[in-house]
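Chemist: My questions are about this predicted structure, shown below with the sequence.
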Amino acid sequence: MQRALPHADSFVAYAAAAALIVFATLFKFQLDRWAGEPLPPYITYYPMVAVAALFGGPRVGYAAAATTLLLSWYLWFPVLNSFQLAGARTPLTMAIYAVNATFLAWVVGLARRMLDQVAASEAERTRAARESVHRIKNLIAVVQALVEKISGEAETLEQFRDLLRQRLTALDRAQDVLVRQDWHDVALNDVIEGALAPFLPNPGLKVISGPDVTVPARYVNGLCLALYELSTNGMKYGALAKGEGPVTLSWRTENGACVLEWREARKGGAQVENSGFGTMLIKTALSRDTRTRVDYEFRQSEVVARFRWPMERG
């Protein structure tokens, strides 16, 4: 149901409320003809206010209630097209309608807000579940790739055990960074170190340091996930697992913004294009903020991911 409704407080919601007012007004005239006598205008305006509040929330409902109150005064009380109030019943009736219509708009509008919150919460739970499953699959893939890589480097069982322990410890550090959400701004060096720790040292991966830059707290988790996703794909498809590369990660500042660039060479068509949830993690790394930009290109000879966000003063 929530998906079929327009966004609360949107232009579409106000337009729908206006159309409802017109319909209710015309229907009122038709009811008068059927009944053979003037009927109270509120007989069609009450349900209209409720539907308008459901469509657009409390503000749209309040606007509909106020508009219908003015229309009722102008069109029906006390005589057609007159602003003169005759008798005590007219202002009393209008006052009752004003109170009831406002209360109705508030109650139904509040129900609409709760409906939006439930839908948003459900969508967030679904996304969190997908992200958790995706992250677990990535962890398994990384551990498998690490074991395969270390087994080709270690000469003894003890050396294999020590190297694996070091990489798993780095992997644990990376997870600590990944679960950090909106706590505080973090230095870009720390974000990169935490996200790439399980994959370093690797002769195929080169980090080219740039100026000292901080990552705003709201981007930390998404950027970590994106770098971890790119590195995991490199481990899966051989660019990092075999140490061939080259993969370079660099950053620079330009026009008051920081630009972080991942550039990974493709050799022999070994890699396949990242798709689905992994691509979504990369493209939404900076929260789709209007001041940020993420470019993710899968070219014939290389994979390029570019993240740009404004540098905040202070």
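Modeler: Happy to help now that I have it.

Chemist: CA atoms for contacts and neighbours, from now on please.
Modeler: Fine.

Chemist: And the pLDDT for Pro91?
Modeler: Looking at Pro91, its pLDDT is 68.

Chemist: wait, I meant Val179
Modeler: If you check Val179, the pLDDT there is 63.

Chemist: How about the one 4 residues further on?
Modeler: For Trp183, the model assigns a pLDDT of 55.

Chemist: Check Arg218 too.
Modeler: 78.

Chemist: for it, phi and psi?
Modeler: As for Arg218, its main-chain torsions (degrees, to the nearest 10) stand at phi -70, psi -10.

Chemist: Please apply the same query to Thr290.
Modeler: phi -70, psi -20.

Chemist: What is the burial count for it?
Modeler: Residues lying near Thr290 (other C-alpha atoms under 10 Å) number 8.

Chemist: before we move on, what about Val191?
Modeler: By other C-alpha under 10 Å, 21 other residues sit near Val191.

Chemist: And the one 3 residues further on, by the same measure?
Modeler: The number of residues packed near Gly194 is 22, by other C-alpha under 10 Å.

Chemist: Verify the assumption that it is located in a helix.
Modeler: Yes. Counting by DSSP: H, G, I helix; E, B strand; the rest coil, Gly194 is part of a helix.

Chemist: how about the strands in the chain?
Modeler: Along the chain, the segments classed as strands by DSSP state E run 186-187, 205-208, 214-215, 247-254, 257-265, 293-298, 302-310.

Chemist: Adding mean neighbour count as columns, could you present these in CSV?
Modeler: Shown next, in CSV, are those (neighbours: other C-alpha atoms under 10 Å):
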stretch, mean neighbour count
strand 186-187, 16
strand 205-208, 16
strand 214-215, 20
strand 247-254, 17
strand 257-265, 20
strand 293-298, 16
strand 302-310, 19
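
Chemist: Which segments of this structure make up each domain?
Modeler: The chain breaks down into these structural domains: 2-119, 154-310 (assignment by automatic domain parsing).

Chemist: The ones you listed: which one's closest to Arg127?
Modeler: The minimum distance between Arg127 and these falls on domain 154-310, with 9.6 Å, by C-alpha to C-alpha.

Chemist: which one of the domains of the chain lies closest to Thr126?
Modeler: Between these, domain 2-119 lies closest to Thr126; by C-alpha to C-alpha that is 10.6 Å.

Chemist: Check the burial of the nearest residue to Tyr45 once chain neighbours are set aside by counting its neighbours.
Modeler: Excluding its sequence neighbours, the residue lying closest to Tyr45 (C-alpha to C-alpha, 6 or more residues apart in numbering) is Ala24, at 6.2 Å. Ala24 has 22 neighbouring residues, counting by other C-alpha under 10 Å.

Chemist: wait, what's in contact with Ala24?
Modeler: Contacts for Ala24 (C-alpha atoms under 8 Å, 6 or more residues apart in numbering) come out as 44-45, 48.

Chemist: of these, closest to Leu69?
Modeler: The closest of the contacts of Ala24, once distances to Leu69 are taken by C-alpha to C-alpha, is Tyr45, at 8.9 Å.
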